[in-house]
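>>> coords please:
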Amino acid sequence: MSDLTSRLSGWMDFANPTRFVGLADRVVPWLATIATLLLTAGLYMSFTAPEDFQQGITVRIMYIHVPFAWLAMMCFTLMAVSALGTLVWRHPLADVALKSAAPIGAVFTALALITGSIWGKPMWGTWWVWDARLTSVFVLFLMYLGIIALTRALDDAARAAWAAAIITLVGFINIPIIKFSVDWWNTLHQPASVFRLGGPTIDPSLLRPLLVMALGFTVLFFALHLMAMRTEIRRRRVISMRRVAARQADKHH
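Numbering: from 1, shown residues only. Here you go, the predicted structure:
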């Protein structure tokens, strides 16, 4: 029990911003290297994988579109956990994690929408339809933009953190809607073919490069997130130092 307690205490030390920055400095280069290797291998596998018998060469868009869509939802889920960390556990890095993740999630969501439209044009004959899946993902993109705007509009960091956490938790209801929209409503999107109770329905020759690409982009996300958190911590330190310097200057005058 004492060993478990000491391990938990060791991990909690990284809640200290200074220790966290040191950890990020060591971990980010490794994550970036791993992501580069995985994405390079995944791209090679994607271009050498066989074409789909129905979709032909356009199936290759899947190898980037699906990871983008997964990460768009995963990022918002991480933000929801961070929101709980802010409101419930008062974790010192929770707000940093939420604020830093929002721009990255917005980019992945935008890329999911763009690649989905490119994929949809030859498959559906149109760039866009307002079906349940596309509409809910577009709403997710607007949520990301709203949270980014909110955190930058409020000067009071505590108020901005509290408001962003509340909006994130309320908006999290959209994640299961995105996930199960193809089951609840009649949409043009196909049902889940990878993560399902009966096992994947996609052919292994197409599944392997998809999983490698998904893993590569996931590692890339965590590298980018750690970098963004590290930058945000340093930015807040600079602001704090400037305020202290300004107060000292006022005292001298």
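>>> Which parts of the host helix or strand of Met79 count as buried, going by neighbours?
If you go by DSSP states H and E, Met79 is part of helix 62-87. By 16 or more other CB atoms under 10 Å, the buried positions in helix 62-87 come out as 62-76, 78-80, 82-87. Heads up, the C-betas are built off the backbone N, CA and C, glycines and all.
>>> Give the other helices and strands that that helix contacts.
helix 17-48, helix 94-124, helix 132-153, helix 157-171, helix 174-184, helix 204-252 (3 or more CB pairs under 8 Å, 6 or more residues apart in numbering; DSSP states H and E).
>>> do you know which of the ones you listed lies nearest Gln54?
Between Gln54 and the helices and strands packed on helix 62-87, the shortest gap by CB to CB is with helix 94-124, which sits at 9.0 Å.
>>> tilt between the closest one and helix 62-87?
Calculated by axes from the mean of the first three to the mean of the last three CA atoms, to 10 degrees, helix 94-124 forms an angle of 150 degrees with helix 62-87.
>>> same for helix 94-124, what does it pack against?
helix 62-87, helix 132-153, helix 157-171, helix 204-252.
>>> worst average pLDDT in those helices?
Note on these: lowest mean pLDDT is at helix 204-252, with a mean of 89.
>>> And it, what does it pack against?
Using 3+ CB pairs under 8 Å, 6+ apart, helix 204-252 is in contact with helix 17-48, helix 62-87, helix 94-124.
>>> How far off centre is the first one?
Using CA atoms, centre = their mean, to the nearest Å, the mean C-alpha position of helix 17-48 is found 15 Å from that of the whole chain.
>>> next one: the second one
On the basis of CA atoms, centre = their mean, the separation between the geometric centre of helix 62-87 and that of its chain is 4 Å.
>>> so what's the residue most central in space within the chain up against?
Centrality entry for the chain: nearest residue to the mean C-alpha point is Cys75, 2.5 Å, by CA atoms, centre = their mean. Contacts for Cys75 were tallied using CB atoms under 8 Å, 6 or more residues apart in numbering; they are Ala101, Ile104, Gly105, Phe108, Phe221.
>>> Could you find the closest non-adjacent residue to the third one?
In this case it means Gly105. Leaving aside its sequence neighbours, Gly105 sits nearest to Cys75 (CB to CB, 6 or more residues apart in numbering; 3.4 Å).
>>> what's the spacing between the one you found and Leu38?
18 Å (CB to CB, to the nearest Å).
>>> since we're on Phe43, how many residues are nearby?
To be clear, residue 43 is Leu; Phe isn't right here. 17 (other CB atoms under 10 Å).
>>> my read: it touches Phe217, true?
No. Between Leu43 and Phe217 no contact is recorded; they are 11.2 Å apart, counting by CB atoms under 8 Å.
>>> Wait, Thr58 touches Met123, no?
Yes. If you go by CB under 8 Å, Thr58 and Met123 touch, sitting 6.8 Å apart.
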